[in-house]
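Trainee: mind looking at a prediction? Sequence and model below.
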Amino acid sequence: MCFSFEVSLGTGIFSWITGLYVLSKKNISHRTRIQSLFLLIFSLMQFADAILWFINMKKNNINYIVTSYLIPFLLSLQALFNIYYVNKYNNIIANMSLLIGIPYLFYRFNGYSVSSCSNKLSSPIWGNNELELWEILAFLIMVSFPNVYEIIGGFTIIYGVKLWINGGVGSMWCAIANLLAIKLLLTS
């Protein structure tokens, strides 16, 4: 989990190096290519978190722009990538999910991010309002459908962490990005 500027930045760099390294290999499978591209998009969140840590989550214009615009944009990219690029869905359910989901992300995260606590388990709470479990599940469906195992696994990890640290669930992108990068290195 990302508890500091250094951890967020390090995770982002590690994930990007891993993704670019795997993409540079010859004869990678289509599935590995998609996983690498998703890792690159997914781990961009680490750079957003690094910015928030760098400014110590002060309520200023940088925090507002990163929280209100950059974070929802990056989350939207993940959903768009899965629905339109990976699965090539172009049906009423997919389109309506995005039509409702993307504006909701911008509405939901409008504001400032804050730190969940002041100890070593501190984690950003995007938009100063912790994610509800239904929001996490809805987002996981948008970025993982039709892979039920990814949806269940992601929800289990996030719910477990929510119980463990009691806040800052959004920063699970850090832990998940590391796991995705390591898995990609081991399987490609």
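Mentor: That came through fine.

Trainee: show me the contact partners of the helix or strand where I13 lies.
Mentor: If you go by DSSP states H and E, I13 is part of helix 5-24. When contacts are defined by C-beta atoms under 8 Å, 6 or more residues apart in numbering, helix 5-24 is touched by residues 1-2, 28, 32-33, 35-37, 39-40, 42-44, 46-47, 49-50, 53-54, 174, 177-178, 180-182, 184-185, 188. In short, each C-beta sits where N, CA and C put it, glycine included.

Trainee: so which bits of that helix are buried?
Mentor: Buried residues in helix 5-24, counted by 16 or more other C-beta atoms under 10 Å: 5, 7-12, 14-16, 18-19, 22-23.

Trainee: where along the protein do the helices fall?
Mentor: 5-24, 30-54, 61-65, 71-80, 92-108, 133-144, 148-165, 172-187 (DSSP state H).

Trainee: can you give me how far the fourth one is from the chain middle?
Mentor: Here the centre of helix 71-80 is set off from its chain's centre by 8 Å, with C-alpha atoms, centre = their mean, to the nearest Å.

Trainee: which other helices and strands does that helix contact?
Mentor: Secondary-structure packing of helix 71-80 (3 or more C-beta pairs under 8 Å, 6 or more residues apart in numbering; DSSP states H and E): helix 30-54, helix 92-108, helix 133-144.

Trainee: of these, flag the one that's most buried.
Mentor: Most buried of the helices and strands packed on helix 71-80 by mean neighbour count (mean count of other C-beta atoms under 10 Å) is helix 30-54; its value is a mean of 20.
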